[in-house]
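Colleague: Mind looking at a prediction? Sequence and model below.
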Amino acid sequence: MDHHEEVTDDFQGIKVWWTSIKKDPQTKSFSFYPELDERRFFKLTVHRRYRDIIIKSYIDHVIKEGKATAVKNRQRKLYTNNASKDWHGWRGTKWSHVVFEHPATFNSLAMATKLKELIKNDLIKFTKGKDYYAKIGKAWKRGYLLYGPPGTGKSTMIAAMANFLNYDVYDLELTTVKDNSELRKLLIETTSKSIIVIEDIDCSLDLTGQRKPKKEKDDDEKDENKDPVSKKKKELEEEASKSSKVTLSGLLNFIDGIWSACSGERIIVFTTNYVEKLDPALIRRGRMDRRIEMSYCCFEAFKKEKEQDSNKKDEKDKEANGVSVKEIKENGFTENGKV
Ligand SMILES: Nc1ncnc2c1ncn2[C@@H]1O[C@H](COP(=O)(O)OP(=O)(O)OP(=O)(O)O)[C@@H](O)[C@H]1O
């Protein structure tokens, strides 16, 4: 707002006036930073008879709305953890970030509408649950397990969740975390209003809690048939990996423990392609509040996809010829709704 600009607001039928005021410095001393000497404030004017209501309720309401708007307008971030050798030194940080700009939304996600609504309601309930979690004495956190074959939209779902809630995303790569103590330090540094993601949990930790990089695991079978040099190299690598461990119990304890001590809302999402490989302790209720199966899309979801494709095609055709294409071509479905 400019100097002396005025806006009005309405609160429970009461009209209030806000005026922006700028005051120049009283002293005539010379300053290299003149703008720091300038004083700006807002004057609130209201009829005398509403003074009590405005002081008791309106000011709180304005502060709350202000905070919500700041959260909505802030640039969200996608964090990835650095290896511990990069944590120290004057430029050292535990997490690196880029601006999070994934376009996925629940609208663009091809999935049964009922399930989408269920997830959205669950998320909304969670964000409004501050008092509830405080009352029951539990950390304000929620765990989701997304499982299903590759390419069924698990990562897309996480992006849609982050966009829906306006949360930051922490992509925690466990294969670069040496031990439980490093994991603890990383988790403590996460901020509230964030989603912590551990993708392909079955590849990052095996059932004994030992780390194992995904690529290594995929190559295991091929390596068996290789020459003795490769075999020896693999043995040495395995030895090295054993000396640095993030255990499953460590991970679970931190999730349950650390965040009870930290205030603020956090969601943790695990993804896996092989739910049957996971330790039941990881996926029991209380640790993973919701388990969501991502599968090849049902009829409803497929229809949505086709509609979107058709809309995109419409736009393109309009650009090219000035005519719209209405027809959605028939596609093959099986009777149980899977494609
Ligand atoms: N249900 C879906 N709705 C919209 N797009 C989808 C859906 N499923 C997959 N896709 C698209 O397919 C691609 C792969 O999806 P995504 O990476 O989310 O799958 P994933 O289950 O996380 O795979 P992986 O297990 O290999 O990590 C993305 O480009 C995404 O847009």
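Modeller: Perfect, I can see it now.
Colleague: only C-alpha atoms for contact and neighbour calcs from this point on.
Modeller: Fine.
Colleague: ok, which residues in this structure are in contact with the ligand?
Modeller: Within the chain, the positions lying close to the ligand (CA under 6 Å from any ligand atom) are 109-111, 150-156, 273.
Colleague: Can you tell me which of the residues you listed are classed as buried?
Modeller: Listed as buried from the residues of the chain next to the ligand are 109-111, 152-156, 273; burial here means 16 or more other CA atoms under 10 Å.
Colleague: For the residues you listed, give me TSV that also has pLDDT and distance to Val16.
Modeller: Below are those laid out as TSV (pLDDT from 0 to 100; distance: CA to CA, whole Å):
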residue	pLDDT	distance to Val16
Leu109	87	43
Ala110	85	46
Met111	86	46
Thr152	88	52
Gly153	89	48
Lys154	92	48
Ser155	93	46
Thr156	93	44
Asn273	89	56
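Colleague: Give me the subset of the residues you listed lying in helices.
Modeller: Using DSSP state H, the subset of those located in helices is 154-156.
Colleague: wait, which of those residues is closest to Asp171?
Modeller: Nearest to Asp171, judged by CA to CA, of these is Ser155 at 10.7 Å.
Colleague: Neighbouring strands - and their directions - for the longest strand seen in the chain?
Modeller: Counting residues, the longest strand in the chain under DSSP state E turns out to be strand 14-23. Sheet pairing for strand 14-23, assigned by DSSP bridges, gives strand 6-11 (antiparallel), strand 39-45 (antiparallel).
Colleague: Pick out the shakiest of those strands, pLDDT-wise.
Modeller: Note on the strands paired with strand 14-23: strand 39-45 shows the lowest mean pLDDT, a mean of 88.
Colleague: what does that one contact?
Modeller: Strand 39-45 has contacts (CA atoms under 8 Å, 6 or more residues apart in numbering) with 16-25.
Colleague: which of these are buried?
Modeller: Applying 16+ other CA under 10 Å to the contacts of strand 39-45, the neighbour count classes 16, 18-21 as buried.
Colleague: Output the residues you listed as TSV; include the columns pLDDT and distance to Asp179.
Modeller: As requested, those are exported to TSV (pLDDT from 0 to 100; distance: CA to CA, whole Å):
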residue	pLDDT	distance to Asp179
Val16	92	57
Trp18	93	55
Thr19	92	56
Ser20	89	54
Ile21	86	55
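Colleague: what secondary structure does Tyr144 sit in?
Modeller: strand (DSSP: H, G, I helix; E, B strand; the rest coil).
Colleague: again but with Ile59, I slipped
Modeller: helix.
Colleague: Going forward, count from 55.
Modeller: All right, first residue 55 from here; so that's Ile113.
Colleague: export the contacts of strand 93-99 to a markdown table and tack on distance to Ala158?
Modeller: Output for those, formatted as a markdown table (distance: CA to CA, whole Å):
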| residue | distance to Ala158 |
| --- | --- |
| Val70 | 40 |
| Trp71 | 40 |
| Trp72 | 38 |
| Thr73 | 40 |
| Ser74 | 39 |
| Ile75 | 42 |
| Lys76 | 43 |
| Lys77 | 46 |
| Asp78 | 47 |
| Pro79 | 49 |
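Colleague: ok, now which ones touch the residue of the stretch 255-393 of the chain found nearest the ligand?
Modeller: Closest residue of the stretch 255-393 of the chain to the ligand, CA to the nearest ligand atom: Asn327 (5.9 Å). Shown in contact with Asn327 (CA under 8 Å, 6+ apart): 201-204, 254, 256.
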